[in-house]
Every structure is written in C-alpha cells, then in structure tokens.
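1. Test case, fold it:
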Amino acid sequence: MLKLQKEFPNLELFKKHFAVTDRTIFAWDDSIYCNYNLSPDLIIHEQTHLKQQKKYGLDVWLERYIDDEEFRLKMELQAYRKQLMSIKDREKRNRVRMQVSSDLSSDLYNNIISYEEAFIKLKI
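-> Predicted structure coming up:
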C-alpha cells in the first residue's frame, strides 16, 4: 500500500546535491514524501521511482541517482514519460511536458539536459 508522508528521511543528503524546495517530491521505499496533495499523474511519476528502487535496490538506486547523471536522466525520463502518458487531455499533457522539460533542464536535476532535448525526448 502506498503511503504519503511529509518528512523525508534523506532530505539533508538531497539538499547537498540538488535544489530542493518546499515543492520537491520524494519517492523512497514504499512512500511518497510531499507537503501538498498530488495529482494522479504525479503519483504515477513517483510510483515509477518506487518501482525503479525495487528493481535496482534502494541503496544502489540512491547512490546512482545522486552520482550518475546518465542514470538520473534515464530514471526521470522513464518516470516523466509514464506521467505524461497518464494525462489524457492533450493540452494539459503539452503544458506538463513543457513544465517538466523546464524542470529537467534546471538546478532541480543539476541541469542534466537542455530544455529542447528534454522536450524532444518526452514526446509521447
């Protein structure tokens, strides 16, 4: 069963590596950590990370996510694609695609990809 929590246990570790804000969402183990209600598409995104963690193992996933930009990008593109595919309204899906392309090309993910490249890779 999915649990929604508020206090993320690895917060300080993530703050050392990423631009964490009060709007940042974390998926860890069997929980999603967030300060606000999530839309169904965001829950799908975070559930994708939970599945990835099970596949790789929590510690391996965390270490690679933090240290390996290619791995982080792969994990995020997979989660964002699933999120976008869950949005049936075309206009909303395109707005979300623009926003997540902006997020992927920002400090939030250590600028791992350009906006243009992210937008292309997130085409559904």
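
2. And the residue nearest to the spatial centre of the chain, how far from residue 105?
-> The centroid of the chain falls nearest to residue 76 when counting by CA atoms, centre = their mean (5.2 Å). From residue 76 across to residue 105, the span is 11 Å (CB to CB, to the nearest Å). C-beta: built from backbone N, CA, C; applies to glycine.

3. And for residue 35?
-> In terms of CB to CB, residue 35 sits 24 Å off from residue 105.

4. Which one's more surrounded, those two?
-> residue 105 (18 against 12; other CB atoms under 10 Å).

5. leaving aside the residues next to it on the chain, what's closest to that one?
-> Among residues not flanking residue 105 along the chain, residue 115 sits closest, at 4.2 Å (CB to CB, 6 or more residues apart in numbering).

6. Would you mind confirming that that neighbour is in contact with residue 102?
-> Yes: counting by CB atoms under 8 Å, residue 115 does reach residue 102; the two are 6.0 Å apart.

7. Find the residues that touch each one of residue 76 and residue 105.
-> residue 112 (CB atoms under 8 Å, 6 or more residues apart in numbering).
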